[in-house]
Structure formats: C-alpha cells, structure tokens
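Student: Give me the fold of what follows.
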Amino acid sequence: MALFRTLDDLGDVTGKRALVRVDLNVPMQDGVVTDDTRLTATLPTVAGLADKGAIVLLLAHFGRPKGERRPDMSLALVTRPYENVLGRPVRFIGDCCGPEAKEAIATLAPGDVAILENTRFHAGEEKNDPALAADMAELGDLYVNDAFSAAHRAHASTEGLAHLLPAYAGRSMEAELNALEKALGNPERPVAAVVGGAKVSTKLDVLKHLVTKVDHLIIGGGMANTFLAARGVAIGKSLAERDLTGTAEEILDAADKANCTVHLPYDVVVAKEFAANPPSLRTCNVHEVAEDEMILDIGPAAVEALSDALKTCRTLVWNGPLGAFETPPFDAATVALARYAAALTQEGTLTSVAGGGDTVAALNQAGVAGDFTFVSTAGGAFLEWMEGKELPGVKALERV
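Tutor: Predicted structure coming up:
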C-alpha cells in the first residue's frame, strides 16, 4: 500500500474545488513555450479531475519574482499555451488567494479548469508562511500535489497547504514516487548508478549516499577526472577539482567498506583543445594522457566494460552524462551506454530510472528517453532524492 494517498482514494469530487500544485515553470521565447514537457506531465491529473466534475484550480510558480508582481512572470502568459496542450478552455484568475480569487472561482462550474496567478508574487510563498497557506486553503476543498520537481522546497503551496486540506499525490507525482521506490527505496539487486557531470562538488552528497546503496557506481564526466587524480593518474590539463582529491579518496574508501564497485574509465578520449571534432583527437589508455591534453569522454573499451557490468544488474539509476556530450564526438560514450541500458530495459532485464536536466537532454540525444523505465523531469528534487534527503513536499503527503 502506498505511503501517500493518491487520486484513487478520492470519493465523489463533483463540484469540489481541487487545488492542484503543478509545475508550469516552462521555458518561453517571444511568447512561445519552447518545451512543453512539464505542461503535458500534468494532463492525467488535470483532465482526470475535470472529467470527474471537480473544479480544477492550478497553483504554480513562474520564474523568480521574489514576492513582487511582475507582468513578465505572470502565469497569464502560460494560460493560452496550456489551453492548447489540455485541449479544453482554461480560465486565468489574477491571484492565488484573497477576495478577487474567491469571486472568480465562484463563477466556475464542475469540470472547469483555471490557472491561478503565480504563487511567488506573494513573499510568504517561499517562506512557507502559514497565513498565506491558510488564505490559499480557503479557495479549495482538497489539495493535490502533482509537482515532484518542486517537492524539495518547503513552500506554502508545496508543503503548508498539504496540512490544511485533505492531501493527495497527483498522477505525475505518484509515477515519480513509485519509480524512485523501485530504483533506490526497495530495488531489485544488483543496482548500478551512473553519476556524471562536470563537478564532484555539486554531487558529493549523492556519491556519499550512493556508495552505501548500490553495488556498482559508474563515475563519468569531469567528476571522473577528480577521482583519477585521487588515484595518482596524471590527467594533463583535464577539468578536475584537485582540491577535492582527498574527498574522492574518502568516497572510494567508503565504497570499499560497503562492497560497492566503483568504475572509473581505463581508456579515454582526449584532445589538446575543447572544440567539436578537433584534429588532436585520440583515444588512449588512461595512463597515457599527455600534459597538454584533456580528457573529454570515456573510451570504447570502458563503455564495453560498463555494458558488461550493466548486463549483470537488475536496476539502474542515472544522473549526468559521461563526457562533454554537448560537443561531438564527446557524446559517444553517453549515447552508447544509454542505448545499451535502453535495450536491456526493453528486454525486461533492467529497471532504469534517470533524472536531471542534462540527463534528459543526453537521453533525448541518444533517442532512448522513451525506452527507459522512467525519466524524471525534475532537477533539484531528483538530486536531493539521490542524496537520501527527505523532500518536504512528499513528506507532507504521507498518510498519518
């Protein structure tokens, strides 16, 4: 049984006002939404509630207005694009609490959908002000949180509200939580984690937590260079945080104690300059990097070894690319391993969960985002979950 209530636990919602916290914080250029992934993620919850006769009131933030009303950060800008994605009329209401919002909501009928103004126009939102949460609660009969990507923040609309109304996880939130439980909460073993990206410093807590949770830790990206340096490997002029080699050694020691195998590349792709397809490009053993070269991807032999390791695993968690994937050909390792993981997933031998902005972009580049078991669109919340931290927006939904 789920630790939190879902929409399946709802009784008759006809005419009930459902305050639904969603993530509408989408990228826009010249009034056009350039990526509507977050909008489409809300559809199962919003359409599901509207079809059952609820009055659906969407709460969301947009940008960082820091408690000021800013026309360029009004959710009015997102209303028409959202209406197009939802395929039914969407009203815009000029506040998320107070008399103006109450009057407007009173004119809505069962099955109607409305977007309330940016929650962050109120300074109390980011402070989780109880008074603001109480004002918002007056607008609804029940609360649904469908914004996992904002669940690591204890804000009035993500945490405070959940204590004031009957609270439920929306379909997108439910899918995230179920996938995360399968990946690290109660996974089928052996478990592998791929952690890539430029800096160890941004993922220290992730790495420290994962070595106690997984059987195989695959480190890629610029982070791998810091670990190679910690092992005494000469890495030329590669990107690395040399002041963190001691910390890297501690993580490697902790992995040994926890029987977690750490995989570092033993062949690498190097170049003398960081540019697309540079003339100095070559693949070499990790111990043969020249002083004027930089490591920009892991090599084909390392990818083959990692593929062999994945073949033995039942669960995979992935965050971050293995190389400088935005610049060809340094996307080769990420693409190859992602395709291999996707193939294992499709065969039914691997449960694969991936998350984080760069990760989603890398999987899309490999053409396999749809072949993983689950791809989270959350950035910070996904990372904090990988760190083993409690997410306030999720904790507030737990059954008591």
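Student: From the contact counts, what lies against the longest helix along the chain?
Tutor: The residue-count maximum for a helix in the chain (DSSP state H) belongs to helix 332-347. Applying 3 or more C-beta pairs under 8 Å, 6 or more residues apart in numbering; DSSP states H and E, we find helix 332-347 packed against strand 294-298, helix 300-311, strand 315-319, strand 351-355, helix 357-366. Where you see a C-beta, it was placed from the backbone N, CA and C, and this is true even at glycine.
Student: out of these, deepest packed?
Tutor: Mean neighbours per residue, mean count of other C-beta atoms under 10 Å, is largest over the helices and strands packed on helix 332-347 for strand 294-298, with a mean of 28.
Student: That one pairs with which strands, and in what direction?
Tutor: Strand partners for strand 294-298, identified by DSSP bridges, are recorded as strand 267-271 (antiparallel).
Student: Tell me the helix or strand right after the strand it pairs with.
Tutor: For strand 267-271, the following helix or strand on the C-terminal side (DSSP states H and E) is strand 282-285.
Student: Any idea how far apart the tips of stretch 5-22 sit?
Tutor: The first residue of stretch 5-22 is 17 Å away from its last residue (C-alpha to C-alpha, to the nearest Å).
Student: heads up, I number from 479, so please use that
Tutor: That works, and once the first residue is 479, the last one we named lands at stretch 483-500.
Student: how about that stretch: buried residues?
Tutor: With burial defined by 16 or more other C-beta atoms under 10 Å, the residues of stretch 483-500 counted as buried are 483-485, 488, 491, 494-500.
Student: ok, now which ones touch the nearest residue to Thr790 once chain neighbours are set aside?
Tutor: Once flanking residues are discounted, Thr790 sits nearest to Pro668: 6.1 Å by C-beta to C-beta, 6 or more residues apart in numbering. Taking C-beta atoms under 8 Å, 6 or more residues apart in numbering as the criterion, Pro668 is in contact with 693-694, 790-793.
Student: Buried only: go through those residues for me.
Tutor: 693-694, 791, 793.
Student: Would you reformat those as TSV and include distance to Pro549?
Tutor: As requested, these are exported to TSV (distance: C-beta to C-beta, whole Å):
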residue	distance to Pro549
Asp693	52
His694	50
Cys791	50
Thr793	47
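Student: These in strands, which ones?
Tutor: Among the buried ones among the contacts of Pro668, the members falling in strands (DSSP state E) are 694, 793.
Student: Where does the prediction get shaky in this structure?
Tutor: Applying pLDDT under 70 to the chain flags the ranges 479-480, 878.
Student: Please parse the protein into its domains.
Tutor: What automatic domain parsing lists as the domains of the chain is 485-652, 665-864.
Student: sorry, back to before: quick one: which of the buried residues of stretch 483-500 is nearest to Arg649?
Tutor: Relative to Arg649, the closest of these is Leu485; by C-beta to C-beta it sits at 6.5 Å.
Student: Over to the closest residue to the closest one other than its chain neighbours. Which of the three states is it?
Tutor: Excluding the flanking residues, the one nearest Leu485 by C-beta to C-beta, 6+ apart is Tyr646, at 5.9 Å. Classification of Tyr646 using DSSP: H, G, I helix; E, B strand; the rest coil returns strand.
Student: Please give me every residue in contact with Gly833.
Tutor: With contact taken as C-beta under 8 Å, 6+ apart, Gly833 is in contact with 796-797, 853-857, 860-861, 864.
Student: Out of those residues, list just those in helices.
Tutor: Secondary structure from DSSP H places 860-861, 864 of the contacts of Gly833 in helices.
Student: Any chance of those in a markdown table with neighbour count as columns?
Tutor: Output for the ones in helices among the contacts of Gly833, formatted as a markdown table (neighbours: other C-beta atoms under 10 Å):
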| residue | neighbour count |
| --- | --- |
| Phe860 | 28 |
| Leu861 | 19 |
| Met864 | 24 |
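Student: Distance to Ala802 added to the residues you listed, as a markdown table?
Tutor: What follows is those, written out as a markdown table (distance: C-beta to C-beta, whole Å):
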| residue | distance to Ala802 |
| --- | --- |
| Phe860 | 22 |
| Leu861 | 20 |
| Met864 | 22 |
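Student: thinking again about what came up before, wait, which of the buried ones among the contacts of Pro668 is closest to Val748?
Tutor: Of these, the one sitting nearest to Val748 (C-beta to C-beta) turns out to be His694, at 25.0 Å.
Student: Relative to His741, how far out is the closest one?
Tutor: Per C-beta to C-beta, to the nearest Å, His694 is found 6 Å from His741.
Student: and for those two, which residues touch both?
Tutor: Ala787.
Student: Go ahead and measure how far stretch 725-741 is from the middle of the chain.
Tutor: Chain-centre distance of stretch 725-741: 25 Å, with C-alpha atoms, centre = their mean, to the nearest Å.
Student: Lys686 sits in which helix or strand?
Tutor: Using DSSP H and E, Lys686 falls in helix 682-688.
Student: what comes into contact with that helix?
Tutor: Contacts of helix 682-688 (C-beta under 8 Å, 6+ apart): 671, 673, 678, 695, 697, 722, 725, 729, 732, 738, 795, 797, 861, 864-867.
Student: repeat that with 6 Å
Tutor: Helix 682-688 is contacted from outside by 671, 695, 729, 864-866, using C-beta atoms under 6 Å, 6 or more residues apart in numbering.
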